[in-house]
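# Just need the structure, nothing else, for what follows:
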Amino acid sequence: MLKSVYSAVLFFLFLSVLTYGQQSNSAEEINSAIAVLEPTQGNKVTGTLTFTKLQEGSGVQITGDIQGLTPGKHGFHIHQYGDLSSSDGKSAGDHYNPTNMRHAGPDDTMHHAGDMGNITAGTDGIAHVDVKLSSDISSLIGRSVVVHEKEDDLMSQPAGNAGARIAVGVIGIAKAK
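Numbers count the residues shown, from 1 in each chain. Sure thing, here's the model as predicted:
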């Protein structure tokens with residue numbers, strides 16, 4: 001009897017390990033992500049952005065609202081790291097640029113993968129974001145979104161002369177709906 005119980009336990013463990021191995025080796029497909037923007041020290045900018053994988057191939061649609069901005073244009077970028085440990089947002093690193101391109105506008109042929117241009121806040125201080133980015137959504141997880149105090153000129157190197165970082169948020173996998 002002990003031998004049959006032992007055999008059953010071994011068989012169960014074998015199946016558990018086999019099933020676990022299959023689950024852990026298959027990559028979870030990421031279809032959506034989220035970033036909750038928090039103000040850097042001395043600022044009041046907040047917002048929530050949703051990142052949705054585009055169906056027609058690689059690319060991401062970024063939508064949401066950012067509030068507490070001064071009216072006008074503000075630089076808007078993906079940065080290298082999801083590190084928000086510094087009060088000025090600089091721990092987020094430089095623009096996300098895995099292919100070592102020059103800084104430019106998002107419609108230019110050659111630009112940083114994280115160059116999203118500018119968002120525009122109305123007189124109410126709210127910017128409605130609706131941007132397409134050609135990056136794969138999984139390459140953005142763990143990086144950050146940064147909103148800058150000034151307009152990105154889309155030319156100056158290395159980051160468009162957009163000024164201080166006024167809000168930062170980490171891009172994380174969103175709960176499936």
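# partner strands of whichever strand or helix holds Asp65, parallel or antiparallel?
Assigned by DSSP states H and E, Asp65 belongs to strand 60-67. Partner strands and pairing direction for strand 60-67 (DSSP bridges) are strand 46-53 (antiparallel), strand 127-133 (antiparallel).
# which is the next helix or strand following it?
Later in the chain than strand 60-67, the nearest helix or strand by DSSP H and E is strand 72-79.
# between that following strand and strand 60-67, how big is the angle?
130 degrees (axes from the mean of the first three to the mean of the last three CA atoms, to 10 degrees).
# Identify the residues contacting Gly82.
Neighbouring residues of Gly82 by CB atoms under 8 Å, 6 or more residues apart in numbering: Ala92, Gly142, Arg143, Ser144, Val170, Ile171, Gly172. Every residue, glycine included, has its C-beta placed from N, CA and C.
# could I get the strands paired with strand 60-67 as JSON lines with distance to Glu149?
Formatted as JSON lines, the strands paired with strand 60-67 follow (distance: least, CB to CB, whole Å):
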{"stretch": "strand 46-53", "distance to Glu149": "15"}
{"stretch": "strand 127-133", "distance to Glu149": "13"}
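# Out of those strands, which one sits most buried?
Counting by mean count of other CB atoms under 10 Å, strand 46-53 has the highest mean neighbour count of those, with a mean of 19.
# Show me how far that strand is from its chain's centre.
Strand 46-53 sits 8 Å away from the centroid of its parent chain (CA atoms, centre = their mean, to the nearest Å).
# looking at the strands paired with strand 60-67, which is closest to Gln61?
Closest approach to Gln61 among the strands paired with strand 60-67 is made by strand 46-53 (4.7 Å; CB to CB).
# With just CA atoms, put that closest one into CSV.
Output of strand 46-53 as CSV, limited to C-alpha atoms (Å, rounded to 0.1, in the frame of the first residue of the first chain):
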residue,chain,number,x,y,z
THR,A,46,-0.9,63.9,-12.5
GLY,A,47,-2.5,61.6,-15.0
THR,A,48,-3.2,58.0,-16.1
LEU,A,49,-2.2,56.6,-19.4
THR,A,50,-3.3,53.4,-21.0
PHE,A,51,-1.1,51.5,-23.5
THR,A,52,-2.9,49.2,-25.9
LYS,A,53,-1.2,46.8,-28.3
